[in-house]
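[1] here is my input; please provide its structure:
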Amino acid sequence: MATDTAPPGRSPLQLLNHFSANNIKGDLFGGVTAAVIALPMALAFGVASGAGAAAGLWGAVLVGLFAALFGGTPTLISEPTGPMTVVMTAVIASLTAQDPENGLAMAFTVVMLAGVFQILFGLLRLGRYVTQMPYTVISGFMSGIGLILIILQIGPFLGQAIPKGGVLGTLGAIPSLLAGARPAEVTLAVVTLAILWLTPARLKKVAPPQLIALIAGTVLSLTLLSGADGSAEVEGIRRIGAIASGLPRLQLPHFEASQLQLMLVNGAVLGMLGCIDALLTAVVADSITRTEHNSNKELIGQGLGNLVSGLFGGIAGAGATMGTVVNIQAGGRSALSGLSRALILMLVILAGSGLAAQIPQAVLAGIALKVGFDIVDWSFLKRAHQISLTGALIMYLVIGLTVLVDLIAAVGIGVFIANILTIDKMSALQSRSVKSISTGDGDLLLSGEEKALLDQGKGQVLLFQLTGAMIFGVAKAIGREHNAIGECKAVVFDLTEVSHLGVTSALAVENAVEEAIEKGREVFVVGASGTTRQRLEKLGLYAKLPPERTAISRQVALQQAVGALA
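    Modelled structure (predicted):
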């Protein structure tokens, strides 16, 4: 559950994340385990994004380090993720296509901008609102991202580069990709998938399938799949290549006036996706550890991580569900686990970067393709039409827009349609709470005395009652119910049970009161309290009626209305 307050025992103004010395062994073991899993994933996502393996590795280190230091979820592991990689791939492709010389530098600047946006979201305390989207939209969005990741790996899976044109370009190039498939690399990719899917549960407890696949695929490419002379076929296998040793170089922000708007939009998209990704994972961590994360603080930590990652040539990252769950299961309970993971991973990169040169890209494509498959919400896809046909259609629409059109358009249109349908249903339900009766035989909750008073009115006294939350969709029902009023001499507007009165509904009540006054009826407005009364006062409604018609109870109003008939 997201919260804007710090968990018990921690100050909401605390600068750093929650570190504890009570579980050092568990935190260190969790960090080591998460680092082992992060290595192959970072390589795969770095290569898949187009920024290179080194960018993926340093993104995993820097995003993870700063998010662990300054975030608001003690057990969260942050690193490049499938959804972030999909957007990063599109950003790099679009910017390098328009400016080959400076495109990559601008892409890293977009990562910095994403971090800045995330920090602003946190400072503006928007954390609680980030994930308040219909599940059908979230499911469709994530499934669409998973499909994009799968489609983009078709080329590398078959031993070739990703075709230009993104998803549509890849789909159009499938015949040529199949015709030019390289058997050795296809074999490596298939073996990788087989390891990822078929590794026994007992073996998974010893080593993560991703690391097993990485090692096995590399060894296979250097032995059985090598040529007769040990070199011919192996040279045909595309590999990561050498990764520069040492610490990454500083990448100063680079802006081009012609690309500024695109960079800002991409930065906002990447930042928002990172917020959603991280906070959804934080909720998962909360459910396992039975704690509460600080949403706004987490966004600031994520933003700092992406800002620094972009500054040093790393790709964007967010909270990673797999790494977080593994960290918790291995014993991690405080941010020390995330900190130790980042430091361990950095040492591995600095000491063993040369070993990564021989890793086949087909193996990384297999790992990335499996991640894409896991991102797709298969469980909900199977059941969505049984739960709600409308919800299923919204989900399919979001998937289609995500894959074929645009990520932001998909979310925006999906949320808009889902909210409109929800408002329509809520309005229909609340419209039933707008009732008017002139006899004691109605279904309103009235006392015996009040029912008797209505009967004494002989149809000339009307009780107009509103109940519950009067959102703007109810205004039409208020107007419709009032227009249906026949001839009567007195109207009592009862707002006793109104929990919320929206502006539009308040104006509808005002119009009904004014019309009743113009027709010369005796008008009473009773029961309004709190914000409901304040809103009507600001509209000037009470200035149109004497206090003895508003500052009384419903029963007294009915007594006066009946008395006025004499």
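
[2] just say helix, strand or coil for Ile552.
    The three-state label given to Ile552 by DSSP: H, G, I helix; E, B strand; the rest coil is coil.

[3] buried sites along the longest helix anywhere in the chain?
    Counting by DSSP state H, the longest helix found in the chain is helix 260-289. Buried residues in helix 260-289, defined by neighbour count with 16 or more other C-beta atoms under 10 Å: 262-263, 266-286, 289. C-betas here are computed from N, CA, C, even on glycine.

[4] mean confidence for that helix?
    Confidence over helix 260-289 (mean pLDDT, whole number) is 92.

[5] ok, then the element right after that helix?
    strand 293-294 (DSSP states H and E).

[6] in terms of secondary structure, what does the very next helix or strand once past that following strand contact?
    Per DSSP H and E, strand 293-294 leads on to helix 295-311 as the next helix or strand towards the C-terminus. Helices and strands touching helix 295-311, by 3 or more C-beta pairs under 8 Å, 6 or more residues apart in numbering; DSSP states H and E, are helix 53-70, strand 78-79, helix 103-123, helix 127-130, helix 260-289, strand 318-319.

[7] turn these into CSV, columns for distance to Arg535.
    Converted to CSV, the helices and strands packed on helix 295-311 look like this (distance: least, C-beta to C-beta, whole Å):
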stretch, distance to Arg535
helix 53-70, 41
strand 78-79, 44
helix 103-123, 30
helix 127-130, 23
helix 260-289, 33
strand 318-319, 40
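
[8] and Arg521, which of these is closest to it?
    Among those, the nearest to Arg521 by C-beta to C-beta is helix 127-130 (44.3 Å).

[9] other SSEs contacting that closest one?
    Other elements packing on helix 127-130 under the criterion 3+ C-beta pairs under 8 Å, 6+ apart are strand 2-3, helix 260-289, helix 295-311.

[10] buried residues in the helix or strand just after the first one?
    Tracing the chain C-terminally past strand 2-3 and defining elements by DSSP H and E, one meets helix 24-49 next. The neighbour-count criterion (16+ other C-beta under 10 Å) identifies 26-49 as the buried residues of helix 24-49.

[11] related to what we said a few turns ago, between the helices and strands packed on helix 295-311, which gets nearest to Gly140?
    Proximity to Gly140 (C-beta to C-beta) singles out helix 260-289 among those, at 13.1 Å.

[12] give me every residue that touches the most centrally placed residue in the chain.
    Nearest residue to the geometric centre of the chain (C-alpha atoms, centre = their mean): Ile276, 3.0 Å. Neighbouring residues of Ile276 by C-beta atoms under 8 Å, 6 or more residues apart in numbering: Val130, Thr131, Met133, Ile138.

[13] who wins for neighbours among those residues?
    Counting neighbours by other C-beta atoms under 10 Å, Val130 leads these with 23 neighbours.

[14] can you tell me how far the closest residue in space to that one that isn't next to it in sequence sits from Gln98?
    Sequence neighbours aside, Cys275 is the residue nearest to Val130 in space, at 4.6 Å (criterion: C-beta to C-beta, 6 or more residues apart in numbering). To Gln98, Cys275 is 27 Å away according to C-beta to C-beta, to the nearest Å.

[15] strands of this protein, start to end?
    Per DSSP state E, the chain carries strands over the ranges 2-3, 78-79, 293-294, 318-319, 434-437, 461-470, 490-501, 522-526.

[16] which of the ones you listed sits most buried?
    Ranked by mean neighbour count under mean count of other C-beta atoms under 10 Å, the strands of the chain are led by strand 78-79, which reaches a mean of 36.

[17] alright, I will stop here.
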